[in-house]
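Novice: my questions are about this predicted structure, shown below with the sequence.
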Amino acid sequence: MNKIISCCIALVLLLAGPASAQWTFEYQMESDIDFEGAHCPTGYIGYACGTGGSIYKTIDSGLTWFAQSTPVTDSFFDIFFIDATHGWAVGDNGVICYTADGTTWTQHAQSKVLATADYNVVHFSSATVGWLGNDDNVLYTTIDGGTTWTAAVTFADDVNGIAFANALTGYVALDGAGIQYTSDGGTTWNPASVNLGPFPYSRTDLEWIMAINDTAAVVTGWGSFVGAQPTIIATTLDGGATWTSNTDYHWATNGYGWCTAVFADEEVVLSGGSGGSAAFQLHSTDQGWTWTYEAPFTGEDINAMCVFPGTDRIVAVGNEGMLATSGDRGVTWSYKFEPGFGFGGFYALENYGSSILAGGDNAAYGYLEDGGSVRWSVAGANNMAPDIYDIQIVPAANAIDGYVSYVCGAYGSVYKSLDNGILWTELNHTFTTTDAMRGMHWFDADNGIIVGERASDDIIWVTSDGGATFTEIWYNILSQQFNAVSFARDNQLVGVVVGDNIGCYYTADGGVNWTASVMTGFPDAAADIEDVCMTTALVGYLVGDAGMFGKTTDGGVNWTYVSALATVKLSDVYFDHPGLGWIAGDDGAVYRSSDGGTTWADINAAVELGARDADCVIFNGTSGKLWIGGDYFDLLSNGSAAVTSADPISIPFVLKQNYPNPFNPSTTIKFSIGQKSFVALNVYDVTGRIVAKVVNKEMDAGDHTVSFQASGLASGVYFYRLDTGDEVQTKKMILLR
């Protein structure tokens, strides 16, 4: 895989200390946690709780989330904060935990003592008065801010929801269609009159209740009768005395109404699900009387929602680790965990400044900004094909931000985007359904090479018009599908393609002609090579089955089996520059080398991934993070995986020859700088006059790629000059109209 636009900082990996503690799940489609409750005490602080004593916190309105340590492994079913720092979490077996600083959680002295039945809900009506409800039908209260709790009243069924509109007006939702209300702060509770319409329910459960203002509130749940289990929604406008269901509105999707959330202008969002099926989302702007339907945005139940006060942002949590935030009241969503959109994983990573692009199964295409914001598309978006195997970005003058994105994958799919992945165009429809495009290399925005398979046989295609047409230049019936291709950074004529049955071929003329490599010492002729990386015109590395690791020192003509780094398959090898590299493989295997592949150290991502596979790896020099993508759409980063050493590997100051040359009308210029500098890259005519300023800004240390468009210039010889103030290099190029 070709990874570009990474400012490759001269760093090596930290050798001391346990690396596993430094890995962070930046994106994880599925999690082992079922989130059950959420609460946002301020416009930027929020909490979510769930199974196994899990509590997550955000301090940036849901853009990023991090796990907190708790003293229990019991599941939490609800969480509530009095202010930004004082909060409570309750759940399984009567567990009660609290925090006074928003960070440190302590198990309460009455935890599992006051009661052993599950607590379903916790709510505070003031800084000192709070309420707990459990499966033993008991409502508990505190009047001293939670120091002591006592039983207040026992109802006829489980207490599922508690809400207070103010210090005096409050509501309790029970199983069995029961609603109790108070108008004196909980001193007395009265049964409400509840009309759920004409349906012949044999069972009803009210799960969640929420105050909209001082007199209006909404309750939701589900009911059961022969052949249906519709959502129950009822509204009160008189402080809880009477509740009425709009009988014209009962969802035939059989979804359980699990939760609601209310914005400052009283718009209500209601959601739920049914036994792990796709959740639904409803909106009301008339205090819950009429509702509009929004398409599901997750494939699992949504168990709780909460608005960040004073904003249009909302958080939704649910089963299989579903944790999402929306900044536009639920129209679009960003995810910390996002289950339910297909089983699979990430196969390709690409750098884009400090951000990461990731592609994988089911046309999964993610754009993760440094800092955690995710833009995400899934199967069916823009008619993209089921699986993405490779991603590459190259300079393009006609693109919105100056770069074009390419993805390739299953069923002969190749797509391009000129707006960083928002819209995609399919490039070619002539491939057969048995074609799979597994790897690619783009020399510039127009000239590219793609390798893959046709019914398990190896095949190579080329294009010179940006993918408008592809030409088949290689097809062998050898059951030796090609899996990856790589060209040397310092010489785009030298490349290697690898595949099954230790298939390996090299080119010295930019891919026009290919010759079989000599493979020495490889123990299994039937083993598959999964990836290859040419770091220079002479040196390259390959990885594959059973921990296979091989090296070439003559441009791919000969390959030597070095060792088996592991017993599992190694899927990806990536070198940031000739000395610094990483390898990813099955069962969380991730290795590093800081000496050009001579020795390798285990980074130990298996602590987080377990038996899940690490399918791809890349280092992002701009953010200083190492990234791995793997099964279940896991995406992890390690911010301390690269730390400046006492003897860092230097990056030379190099201005490379433009490609193509001669050119018309565009060409690509690559260069490297050893330290952060103000860079001027100018083009001159033969008289020494500046005809174009290509770069004029501060840039980070590392490798850089830019595109030069010769619009308005006549045919002839031109010079391009790279100047950082400390060093200068100049090269010649030819424009032929």
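Specialist: Alright, I've got the coordinates.
Novice: distance check, G448 against R689.
Specialist: Distance of G448 to R689, given as CB to CB, to the nearest Å: 34 Å. (C-beta placed from N, C-alpha, C; glycine too.)
Novice: of those two, which one has the most company?
Specialist: Neighbour count, other CB atoms under 10 Å: between G448 and R689, G448 has more, with 27 against 8.
Novice: so A546, which of the three states?
Specialist: helix (DSSP: H, G, I helix; E, B strand; the rest coil).
Novice: enumerate every residue touching it.
Specialist: Taking CB atoms under 8 Å, 6 or more residues apart in numbering, we find A546 in contact with D524, A527, A564, T567, V568, K569.
Novice: wait, doesn't the last one sit right on D586?
Specialist: Yes: between K569 and D586 a contact is recorded at 4.8 Å, counting by CB atoms under 8 Å.
Novice: so the chain: which segments form each domain?
Specialist: The chain breaks down by automatic domain parsing into domains covering 346-638, 654-735.
Novice: nearest to G130, of the ones you listed?
Specialist: domain 346-638 (32.4 Å; CB to CB).
Novice: quick one, grab the pLDDT at R329.
Specialist: On pLDDT, R329 comes in at 91.
Novice: check W291 too.
Specialist: We have a pLDDT of 87 for W291.
Novice: over to E350?
Specialist: 90.
Novice: and it, how many neighbours?
Specialist: 25.
Novice: again, but for the one 4 residues further on
Specialist: Counted with other CB under 10 Å, the burial measure for S354 works out to 17 neighbours.
Novice: tell me where the stretch 301-450 of the chain has strands.
Specialist: 302-307, 314-318, 323-326, 334-337, 346-352, 355-360, 365-368, 374-377, 388-395, 403-409, 413-417, 425-426, 435-442, 448-454 (DSSP state E, counting those that start in this stretch).
Novice: so for F80, which of the ones you listed sits nearest?
Specialist: strand 302-307 (9.9 Å).
Novice: can you list the strands that the closest one pairs with?
Specialist: strand 314-318 (antiparallel) (DSSP bridges).
Novice: what are the buried residues along the partner strand?
Specialist: I314, V315, A316, V317, G318 (16 or more other CB atoms under 10 Å).
Novice: list the residues that contact V138.
Specialist: A115, A117, A151, V153, T154, F155, V159.
Novice: try it again with 10 Å
Specialist: Contacts were defined as CB atoms under 10 Å, 6 or more residues apart in numbering; by that measure V138 touches L114, A115, A117, Y119, L132, A151, A152, V153, T154, F155, D158, V159.
Novice: check G273 too.
Specialist: Applying CB under 10 Å, 6+ apart, the residues contacting G273 are 253, 255-259, 279-280, 296, 298-303, 318-319, 322, 340.
Novice: then L609?
Specialist: Contacts of L609 (CB under 10 Å, 6+ apart): 20, 23, 25, 586-590, 628, 630-632, 634, 636.
Novice: mind checking pLDDT for it?
Specialist: 70.
Novice: how close does it get to Q68?
Specialist: Counting by CB to CB - L609 and Q68 are separated by 22 Å.
Novice: over to G624?
Specialist: 25 Å.
Novice: more neighbours: which of the two?
Specialist: G624 (21 against 17).
Novice: and the more buried one, how far is that from N398?
Specialist: 32 Å.
Novice: ok, back up a step: most neighbours out of the contacts of L609, which is it?
Specialist: Neighbour max across the contacts of L609 (other CB under 10 Å) = I628, 30 neighbours.
Novice: for it, which residues make a bridge with it?
Specialist: With DSSP bridges as the rule, I628 is bridged to V617, L636.
Novice: which regions of the stretch 51-200 of the chain sit below the pLDDT cut-off?
Specialist: 177 (pLDDT under 70).
Novice: could you rerun that using 80?
Specialist: For the stretch 51-200 of the chain, the stretches with pLDDT under 80 are 177, 197-199.
Novice: what does the stretch 401-550 of the chain give?
Specialist: In the stretch 401-550 of the chain, residues with pLDDT under 80: 401-402, 419-424, 428-433, 478-479.
Novice: quick one: the helices in it?
Specialist: Under the criterion DSSP state H, counting those that start in this stretch, the stretch 401-550 of the chain contains no helices.
Novice: F653 touches D703, doesn't it?
Specialist: No: judged on CB atoms under 10 Å, F653 makes no contact with D703 at a distance of 11.6 Å.
Novice: residues contacting S75?
Specialist: 33-34, 36, 49-54, 91-93, 95, 118.
Novice: run the last query once more with 7 Å
Specialist: G50, T51, G52, G91, D92 (CB atoms under 7 Å, 6 or more residues apart in numbering).
Novice: next, count neighbours for the second one.
Specialist: Neighbour count for T51, taken as other CB under 10 Å: 20.
Novice: same question, the first one
Specialist: The criterion is other CB under 10 Å. On that basis, G50 has 30 neighbouring residues.
Novice: can you tell me the closest non-neighbouring residue to it?
Specialist: Nearest residue to G50, sequence neighbours excluded (CB to CB, 6 or more residues apart in numbering): F35, at 4.0 Å.
Novice: can you show me the helices along the chain?
Specialist: In the chain, the helices defined using DSSP state H lie at 606-609.
Novice: that older thread, tell me which of the contacts of V138 fall in strands.
Specialist: Y119, L132, A151, A152, V153, T154, V159 (DSSP state E).
Novice: on that earlier part again, same list, the contacts of V138, but as CSV with distance to S715 and neighbour count please.
Specialist: Below are the contacts of V138 laid out as CSV (distance: CB to CB, whole Å; neighbours: other CB atoms under 10 Å):
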residue, distance to S715, neighbour count
L114, 87, 19
A115, 87, 20
A117, 85, 14
Y119, 79, 28
L132, 82, 29
A151, 91, 14
A152, 89, 16
V153, 91, 16
T154, 92, 10
F155, 88, 19
D158, 83, 22
V159, 83, 27
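Novice: from the residues you listed, which is closest to L580?
Specialist: For the contacts of V138, the nearest to L580 is Y119 (51.7 Å; CB to CB).
Novice: in the sheet, who's paired with that closest one?
Specialist: N134.
Novice: is it true that it touches N134?
Specialist: Yes: the pair Y119 and N134 qualifies as a contact (CB atoms under 7 Å) at a distance of 4.8 Å.
Novice: ok, now which ones touch N160?
Specialist: N160 neighbours (CB under 7 Å, 6+ apart): N120, V121, G133, A173, L174, D175, L206, E207.
Novice: verify the stated contact: S571 with D528.
Specialist: No: taking contacts as CB under 7 Å, S571 lies outside contact range of D528: 10.2 Å.
Novice: between these two, which is the more surrounded one?
Specialist: S571 (24 against 19).
Novice: how far away is that one from Q492?
Specialist: 25 Å.
Novice: over to G621?
Specialist: Distance from G621 to Q492, by CB to CB: 21 Å.
Novice: any idea how far E426 lies from M437?
Specialist: 12 Å.
Novice: the more surrounded of the two?
Specialist: M437 (28 against 15).
Novice: not counting its neighbours along the chain, what's nearest that one?
Specialist: Per CB to CB, 6+ apart, closest to M437 is C408, 3.6 Å.
Novice: again with A216
Specialist: Q287 (4.4 Å).
Novice: isn't that neighbour up against V262?
Specialist: No: counting by CB under 7 Å, Q287 does not reach V262; the two are 9.7 Å apart.
Novice: which one's more surrounded, the two?
Specialist: Set Q287 next to V262 and count neighbours by other CB under 10 Å: V262 wins out with 25 against 19.
Novice: that older thread, and the contacts of A546, which is closest to I59?
Specialist: Among the contacts of A546, and counting by CB to CB, the member closest to I59 is V568, at 38.1 Å.
Novice: got a list of what that closest one touches?
Specialist: G547, G585, D586, D587, A589.
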